[in-house]
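Asks: test case, fold it:
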Amino acid sequence: MKFINVLLSYITIKVCAAGKLEGDILDTLRNAKANIDKGNVKSVNVQGDGALAGGLYGISLTTTKPPTTSMQSDLPFLPGGRRDDQPSPACLDLMIVIDVSCSIKEEDRIKARDFAADVVKGILTTATVDTRVGLVRYSQTIELVFRLDDHGETDVIDNAIRTMNTSDLGCKTNTHLVLKELYSKYFTDKFGDRSNEAYPNAAILFTDGRTISQRFAPETKRQAKNAEVSDIEIHVVDVPHRQGLGDLADEFDELPTRPELLYDVKKQEDIDNIVDDLTSRYNCGDPDFGGGGDDPSSGCANVIFAIDVSCSIDRSNVTEAISIAKDIIDTSKVGHQFGAFTYDNNTVGSVPYFTDTSAQLNNLDPASRACKTRTNRAITYAGKNYFNNNSSSNVLIIFGDGNESPWRENKLAIEKANAFTRNNKGTLIWVILTSNRDEATRTRGIEEQIKVTASVNRLGTRLVFEYNDADVITVIVNYLDTHFPRCVGTVA
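Replies: Model prediction:
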């Protein structure tokens, strides 16, 4: 049996010669060039005459254009990151999350554990690496094995992962609970998380893709979205379900931050794929690595709440919006500057900037004066009365249904939003309130105004929330305090 090593500038292929003549082999390679993604074989050169050890031929191919590899195709650059062929020093905080539920065979739990250890070792053995690693296992309950700041030595971390107990923690699979723990606990400074500017957050989830009980499956997807909004990039490694039911679930489609971040524990090459991806995109080369949306010179955020009180919004929603705004103020641990106003056709009532307590919002007028909703005017009002500079510390949080009235002015709302987020570098966050209009109108407002105008975080996730999301306050506060952490108690 002869093996031919085919070397390209961009890819390597091994071809089994099986006793074929050299000319036949070259014809086969030329005919196979269509399989080289976006590349065209320009020339072929054979080194050796088959007399090499084991009958090994060295064949080099030159392509007219480089093929795009699966690891390079659609993955975005992170600020300061680069894509290199060789692993680079990696700066990140990484949580390993392993499903040990009884729907996964013991040998596959061990395989997942060893796969995780190999990935971590591959990252930590790159030169001048600055990565922290934490480990959690879960099924019905959750066990934090070690925190991000518990271990610093590569050998200690490797041993801690390889000796992790793989017995189940109950037969149910509460993936939704462990995803919530990522942004509410594990990626916080109390558990060893560092500044996202220099050390972005990533999690590698090993699971069979089936939340049990299945009634919690929608909650799992919601918590994955909340984690992504909190700037946690989720990688998923598919571990076989003992009855082969994992492929029937759609969690493998929904949970990875992007489709390219789905891997298979049975594929040994995916260990290198993950290592290469993380070490190239989470690169330490640029000291201004992770930025987020804040301006380092401006400290904390200028946060303005704009609440739609037009007649398309139920009164109970308006009350709830004001309550959410108060809780955001009271929960934040950073001394941001806050202000608020209500609007419909025009501004109804307003509260100037304050830095003390949410009681200031008791002075906010919640009454509706008109049935029209002009969010474009609300954005203009915020710019003129609160945001008097082009600072990335400006944050506008709009509570509404996205239904501009008259609808022809929706394009104005989009233009004003773009001017605020792009030209003025501000951040626009939407909290969706329930519209009392028909389903088509409700959908139009969400799809054609809210999702179009909302800002995106560094992972490309839209900053859009539902007012009745039980975790909306936690996620928004985490976003504000993480991206604008430079206030200490008061605002200058």
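
Asks: might you list the low-confidence residue ranges for the stretch 151-300 of the chain?
Replies: 246-249, 285-299 (pLDDT under 70).

Asks: the helices in it, which residues?
Replies: Taking DSSP state H, counting those that start in this stretch, the helices of the stretch 151-300 of the chain run over residues 154-162, 175-181, 217-229, 251-254, 269-281.

Asks: out of these, which one sits most buried?
Replies: The highest average neighbour count among the helices of the stretch 151-300 of the chain, using mean count of other C-beta atoms under 10 Å, belongs to helix 175-181 at a mean of 23. All C-beta spots, glycine's among them, are computed from the backbone N, C-alpha and C.

Asks: any weak-confidence spans in the stretch 301-450 of the chain?
Replies: 424.

Asks: hey, where'd the helices end up in it?
Replies: Using DSSP H, counting those that start in this stretch, helices in the stretch 301-450 of the chain cover 315-331, 375-385, 410-418, 439-445.

Asks: just to revisit the earlier point, distance to residue 364 added to the helices of the stretch 151-300 of the chain, as a markdown table?
Replies: Below are the helices of the stretch 151-300 of the chain laid out as a markdown table (distance: least, C-beta to C-beta, whole Å):
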| stretch | distance to residue 364 |
| --- | --- |
| helix 154-162 | 50 |
| helix 175-181 | 31 |
| helix 217-229 | 26 |
| helix 251-254 | 37 |
| helix 269-281 | 43 |
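
Asks: out of these, which is closest to residue 168?
Replies: Nearest of these to residue 168, taken as C-beta to C-beta: helix 175-181 at 13.9 Å.

Asks: hey, what's residue 135 bridged with?
Replies: Listed by DSSP bridges, the beta-bridge partners for residue 135 are residue 96, residue 146.

Asks: likewise residue 394?
Replies: residue 302.

Asks: repeat for the one 5 residues further on
Replies: Under the criterion DSSP bridges, residue 399 forms beta bridges with residue 307, residue 431.

Asks: and what of residue 341?
Replies: residue 306, residue 350.

Asks: that one - how many residues pack around it?
Replies: 22 (other C-beta atoms under 10 Å).

Asks: from residue 325, how far off is it?
Replies: For residue 341, the distance to residue 325 (C-beta to C-beta, to the nearest Å) stands at 11 Å.

Asks: likewise for residue 421?
Replies: Taking C-beta to C-beta, one finds residue 421 at 20 Å from residue 325.

Asks: when the two are compared, which one has more neighbours?
Replies: Neighbour comparison, residue 421 and residue 325: the larger count goes to residue 325, with 24 against 21 (by other C-beta under 10 Å).

Asks: quick one, what contacts the nearest residue to that one once chain neighbours are set aside?
Replies: Nearest in space to residue 325, with sequence neighbours left out and distances taken as C-beta to C-beta, 6 or more residues apart in numbering, is residue 305 at 4.4 Å. By C-beta atoms under 8 Å, 6 or more residues apart in numbering, the contact list for residue 305 reads 321, 325, 338-341, 361, 397, 399.

Asks: what about 7 Å?
Replies: By C-beta atoms under 7 Å, 6 or more residues apart in numbering, the residues touching residue 305 are 325, 340, 397, 399.

Asks: wouldn't residue 420 be in contact with residue 381 here?
Replies: No. With contact defined as C-beta atoms under 7 Å, residue 420 does not reach residue 381; the gap is 11.5 Å.

Asks: please say which of those two ends up with more neighbours.
Replies: residue 420 (23 against 18).

Asks: mind putting the helices of the stretch 301-450 of the chain in JSON lines, distance to residue 203 included?
Replies: Converted to JSON lines, the helices of the stretch 301-450 of the chain look like this (distance: least, C-beta to C-beta, whole Å):
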{"stretch": "helix 315-331", "distance to residue 203": "23"}
{"stretch": "helix 375-385", "distance to residue 203": "35"}
{"stretch": "helix 410-418", "distance to residue 203": "31"}
{"stretch": "helix 439-445", "distance to residue 203": "32"}
